[in-house]
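**Student:** Coordinates for the following, if possible.
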Amino acid sequence: MVPDRQAERAVPSRAAASRDIVNASGPLPTSTVILRLEHPTAHIDDPVAQSAESFFFLTGGTVTVASDPHDPEEVFDKVASDVRVDIIKAFAQYWREEVASGELPDRDDLPITLSFTEVFDRISIDDSGKFNYHLKKLLGSFVTTGPDDDYRLTMAGQAIAGSILSGAYAGRELEPTRLDSGCPRCGDSLNAAYTDGRVTVTCQNEHRMLSTALPTGAIEGRSVIDLLALATQRQRHLFELLRSGACLFCYGSVSTTAGATDLVRGDEFGVEGVCTRCGQLFAGDFEMYLSTLPAFTSFYADHGLSPQSRYIWELRAEQDDREVTMEEQTGRVSYHVELEGETFLATIGTDATVLSTRRTATDE
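**Tutor:** Residues are numbered from 1 along each chain as shown. Modelled structure (predicted):
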């Protein structure tokens, strides 16, 4: 299908996006996600958008385009009301009560819906006419109707509910915790911390091994070590989606490149991606990018270094040799690692597609 040129949205080029970020903050740690707020009406202090990363997911990555029937400004205006926020929270409250009671619905009864009266009774408002006005404002984007004219949250509504509830913990920080792991660059001990909505791992020499955002609600009942495990798992999932060309935040298409980069600290080569819908910019080294690739994980596991049970930066420290090169004519990247007499080689295209992998004895 030929794209509607009037509906196209300009997406920042990889080079321009890279230049903006590098000029602002310098090279990034080996595992980093950069948030680019491209939404023309996005205000990060919006009470509904308690975390920057959840903000774009609230509407499934809706963007301003001429032929889009859901104007983003109109969509976000729909939740610019305490009553409408309370309506969305009422659905989440109902689910919490159902889980607490142990009386979960049968599969045939899903999805769960609430009647007009059931929602109204959960809202601190006495005027049913006013309530009906606000409920109708949410229809289509965040609330939908069932076959019996009852109501349920859409996927975007569920995301908004989660964002609102996670925002109850905004501003919380956790003190740095020393890890049983050393910095592969200087040998100093590493500390993990959670501050400003980010999990970071650094040494005293300010070598950063990881920096990634987690919604503030994630800290409930978790230690810094727990948050680090969660953040690492989320990073792996992010790059797994990236290999399939999808954005973790809005599930739009991501344009990826492999090759020379200024965005990955300590590496000349890496992987970058820009979401063509929400403008998210991603960057990481090849260890993180390949961390869930079966051929990659089995190679390390066979040498007692399962990527799933080790910090990702520790893989670099255990390698006997590592070389990343780029072919001048094709632009393809060769990722070459040696461990205990065996070599793993991955060939990666300019679009970051993993073209081939193989294992051989090092002396072959």
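**Student:** Now do the helices in the stretch 101-250 of the chain.
**Tutor:** 116-120, 128-138, 155-166, 224-243 (DSSP state H, counting those that start in this stretch).
**Student:** So for Phe299, which of these sits nearest?
**Tutor:** helix 224-243 (16.1 Å; Cβ to Cβ). In short, each C-beta sits where N, CA and C put it, glycine included.
**Student:** what is the mean pLDDT for stretch 307-327?
**Tutor:** Across stretch 307-327, the average pLDDT comes to 87.
**Student:** and the end-to-end length of it?
**Tutor:** End-to-end distance of stretch 307-327: 28 Å, with Cα to Cα, to the nearest Å as the criterion.
**Student:** now what about that stretch, what contacts it?
**Tutor:** 30-31, 179, 181-182, 184, 201, 209-210, 232, 235, 259-260, 267-269, 286-288, 291-292, 296-297, 300-301, 305, 332-340 (Cβ atoms under 8 Å, 6 or more residues apart in numbering).
**Student:** got it, and stretch 287-297?
**Tutor:** Under Cβ under 8 Å, 6+ apart, the answer for stretch 287-297 is 30-31, 235-237, 239-240, 242-243, 270-271, 306-308, 312-313, 315-316, 335, 344, 346, 352, 354, 357, 359.
**Student:** and it, which residues are buried?
**Tutor:** Buried residues in stretch 287-297, counted by 16 or more other Cβ atoms under 10 Å: 287-293, 296-297.
**Student:** is Thr347 in a bridge, and if so with what?
**Tutor:** Here Thr347 sits in beta bridges with Ser334, Ser356, going by DSSP bridges.
**Student:** Do you know the pLDDT at it?
**Tutor:** Model confidence at Thr347 (pLDDT) stands at 97.
**Student:** One more: Ser255?
**Tutor:** In this model, Ser255 is scored at 93, pLDDT.
**Student:** What separation is there between it and Val324?
**Tutor:** Separation of Ser255 from Val324 (Cβ to Cβ, to the nearest Å) stands at 21 Å.
**Student:** go on, Ser356?
**Tutor:** Using Cβ to Cβ, one obtains 15 Å as the distance from Ser356 to Val324.
**Student:** Let me know the helix or strand that Arg84 is in.
**Tutor:** helix 82-101 (DSSP states H and E).
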